[in-house]
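In: next input, structure requested:
(one chain, ligands or ions: 3)
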Amino acid sequence: DGQGRRVFDLLAREGRRDFRGDGRLTRTAGFDGDFLGPTLRAGRGERVVVNVVNRLAEATSVHWHGMHLPARMDGGPHQPIRPGATWSPTWTVDQPAATLWYHPHPHGATEEHVYRGLAGMFIVDDDREAALPLPRRYGVDDVPVIVQDRNFSRSGQFKKTRNMIAGIGVLGDTLLVNGTVGPYLDVTTERVRLRLLNGSTARAYDFGLSDGRPFALIGSDGGLLPRTARVDRVQLSPGERAEIVVDVRPGERVTLRSFPPDLGAGALADRFAGGADRFDVLQLRAAGTLAASPPVPDTLVPLDRLDPASAGQTRRFTLAGRAINGRSMRMDRIDFAATRDTTEVWEVVNSDGAPHNFHVHDVQFQVLSVGGQAPPPALGGWKDTVYLAPQRPVRLILRLTDHSDPNVPYMFHCHLLYHEDAGMMGQFVVV
Ligand code: C2O
Ligand code: CU
Ligand code: CU
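Out: Ligands and ions are numbered 1, 2, ... in the order given. Take a look at the predicted model:
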């Protein structure tokens, strides 16, 4: 594990990009560049400092999604960065290797800022992950895949028209992967690891390969799974991540696709929420000769199961309309105080007819059950965001450690950003 210090500079600014090669420039925003931002990377045990400069015309913030860190470094709505200002959060990375991400979180404008392009990946490394025979050459056989959907107006601008029937926000008809339309990846190794991030504001994806071949699912939001799962699909709602390893054969082309996701809201409601949509996501183009890659191990990292019997608290969260437990987000209201170094069970239910999901800041949780059943392999590791099908309760267990602060809250919310902005969010402190 690292002992070092990592200093990053991130400059939020406006930009322009010709996404479709037709000369029409889309007004965008990005960190450092025109759209999205650099992948940040740090090892467990390292001290991180990020100097975030806001060159936008409005206030924003930068939240470290999935990171365990003090609330005042979290970059939520209570840490706004005024235009022209610099914010320099610092923390020590203290969690397993994982694929995390960062994005703005200004109250009421998160959807807008993310839609314009402000987001990036944050990879955490550790010794355990480094000791496993997994592909890890960044950009060669270990590749970030940030998936986002957009609509374009006639003049080429991002169009934020919301589908009012589904009521979940913007569903785009054009897919971007790392900001690219119609992308492909030249693969030079027998196995390639894809770090999938659903960076969309509302759309869920059900990822699979064009010929139906299985792949190795090795990681979820908070890091590697205890065991590799051989699956042919992995579904991600907004904010969720999965790490997969795909086997390729010399000279072939195979496409990562999104198949119609199962949103669990019934055929009609699913369809309005994007449940019938298919996309080509990323074409893999294998070279004629491929460098050897070791087989993916069956056993990955040990997972200490949190025990519900050790939980000191059970909390219930009902998501409906634009509120949680009937309350809409208020900056000046703390919804509850949790006690440091205790374990809690959270029972979360979507009591609407439409999709929601649930994200918690600071912690990674374990999923105890979904609709009363044991969770599928994709939910068998550490998670910070979980999909909520209507009327299907999800039980989570989490442990609050280290960072207590009675004055600065963490957020919990639906990560469909239109819902979050509209008030489907609450705040808790750890004391
Ligand atoms: Cu990725 Cu509170 O968000
Ligand atoms: Cu978050
Ligand atoms: Cu929602």
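In: spell out the residue ranges of the strands in the stretch 51-200 of the chain.
Out: Here the stretch 51-200 of the chain has its strands, by DSSP state E, counting those that start in this stretch, at 63-65, 86-87, 90-92, 98-103, 120-125, 142-150, 174-177, 180-181, 184-189, 191-198.
In: where does this structure have its least confident helix or strand?
Out: Confidence across the helices and strands of the chain bottoms out at helix 267-272, with a mean of 92, counting by mean pLDDT, DSSP states H and E.
In: by how many degrees do the helix or strand following it and strand 142-150 diverge?
Out: Once helix 267-272 ends, the next helix or strand along the chain (criterion: DSSP states H and E) is strand 279-291. Angle of strand 279-291 versus strand 142-150, following axes from the mean of the first three to the mean of the last three C-alpha atoms, to 10 degrees, is 160 degrees.
In: for the helix or strand just after strand 279-291, what is the average pLDDT?
Out: Going down the chain from strand 279-291, the next helix or strand is strand 313-320, by DSSP H and E. The average pLDDT within strand 313-320 is 98.
In: now stretch 377-396
Out: Averaged over stretch 377-396, pLDDT sits at 98.
In: cool, stretch 351-370 as well?
Out: Stretch 351-370 shows a mean pLDDT of 97.
In: what are the buried residues along the least confident helix or strand of the chain?
Out: Under the neighbour-count criterion of 16 or more other C-beta atoms under 10 Å, helix 267-272 has Ala269, Asp270, Arg271, Phe272 buried. (Each C-beta comes from the backbone N, C-alpha and C, glycine too.)
In: for ligand 2, find the nearest of the strands of the stretch 51-200 of the chain.
Out: Ranking those by proximity to ligand 2 (C-beta to the ion) places strand 63-65 first, at 3.8 Å.
In: give the rounded mean pLDDT of the closest one.
Out: The model assigns strand 63-65 a mean pLDDT of 99.
In: returning to that earlier point: I'd like the strands of the stretch 51-200 of the chain laid out as CSV, including mean neighbour count and distance to Val370.
Out: Putting these into CSV (neighbours: other C-beta atoms under 10 Å; distance: least, C-beta to C-beta, whole Å) gives the following:
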stretch, mean neighbour count, distance to Val370
strand 63-65, 23, 22
strand 86-87, 16, 37
strand 90-92, 17, 32
strand 98-103, 25, 21
strand 120-125, 22, 26
strand 142-150, 22, 23
strand 174-177, 21, 27
strand 180-181, 14, 34
strand 184-189, 17, 32
strand 191-198, 24, 18
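In: who in this protein is up against ligand 1?
Out: With the criterion set to C-beta under 6 Å from any ligand atom, the chain comes near ligand 1 through His63, His65, His103, His105, Gly239, His359, His361, Met411, His413, His415.
In: can you flag the buried ones in those?
Out: Buried residues within those, counting neighbours by 16+ other C-beta under 10 Å: His63, His65, His103, His105, Gly239, His359, His361, Met411, His413, His415.
In: starting at the chain centroid, how far to stretch 180-195?
Out: Distance of stretch 180-195 from the chain centroid (C-alpha atoms, centre = their mean, to the nearest Å) equals 20 Å.
In: hang on, I meant stretch 89-104
Out: Counting by C-alpha atoms, centre = their mean, stretch 89-104 comes out at 12 Å from the chain centroid.
In: now do stretch 209-216
Out: That offset, for stretch 209-216, works out to 22 Å (C-alpha atoms, centre = their mean).
In: contacts only, for Ile218.
Out: For Ile218, the contacting residues are Leu134, Arg193, Leu224, Leu225, Thr228, Glu243, Ile244, Val245, Val296, Leu300, by C-beta atoms under 8 Å, 6 or more residues apart in numbering.
In: now, of these, which are buried?
Out: Burial by neighbour count, 16+ other C-beta under 10 Å: within the contacts of Ile218 this picks out Leu134, Arg193, Leu224, Leu225, Thr228, Glu243, Ile244, Val245, Val296, Leu300.
In: turn the strands of the stretch 51-200 of the chain into a markdown table, including distance to Asp352.
Out: As requested, those are exported to a markdown table (distance: least, C-beta to C-beta, whole Å):
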| stretch | distance to Asp352 |
| --- | --- |
| strand 63-65 | 24 |
| strand 86-87 | 35 |
| strand 90-92 | 35 |
| strand 98-103 | 24 |
| strand 120-125 | 31 |
| strand 142-150 | 22 |
| strand 174-177 | 26 |
| strand 180-181 | 33 |
| strand 184-189 | 38 |
| strand 191-198 | 20 |
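In: closest to ligand 3 out of these?
Out: strand 191-198 (14.0 Å).
In: what is the closest one packed up against?
Out: If contacts are counted by 3 or more C-beta pairs under 8 Å, 6 or more residues apart in numbering; DSSP states H and E, strand 191-198 sits against strand 98-103, strand 120-125, strand 142-150, strand 234-236, strand 241-247.
In: can you redo the ones you listed as CSV with mean pLDDT and distance to ligand 3?
Out: Compiled in CSV, those are given as follows (pLDDT from 0 to 100; distance: least, C-beta to the ion, whole Å):
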stretch, mean pLDDT, distance to ligand 3
strand 98-103, 99, 17
strand 120-125, 98, 23
strand 142-150, 98, 16
strand 234-236, 98, 15
strand 241-247, 99, 19
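In: name the nearest of the buried ones among the contacts of Ile218 relative to Gly120.
Out: Each of the buried ones among the contacts of Ile218 was scored against Gly120 by C-beta to C-beta, and Glu243 proved nearest at 16.9 Å.
In: break the chain down into its structural domains.
Out: Using automatic domain parsing, the domain ranges for the chain come out as 5-130, 142-291, 308-430.
In: columns distance to Val143 on top of the buried ones among the residues of the chain next to ligand 1, output as JSON lines?
Out: What follows is those, written out as JSON lines (distance: C-beta to C-beta, whole Å):
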{"residue": "His63", "distance to Val143": "24"}
{"residue": "His65", "distance to Val143": "20"}
{"residue": "His103", "distance to Val143": "20"}
{"residue": "His105", "distance to Val143": "26"}
{"residue": "Gly239", "distance to Val143": "20"}
{"residue": "His359", "distance to Val143": "24"}
{"residue": "His361", "distance to Val143": "27"}
{"residue": "Met411", "distance to Val143": "30"}
{"residue": "His413", "distance to Val143": "29"}
{"residue": "His415", "distance to Val143": "23"}
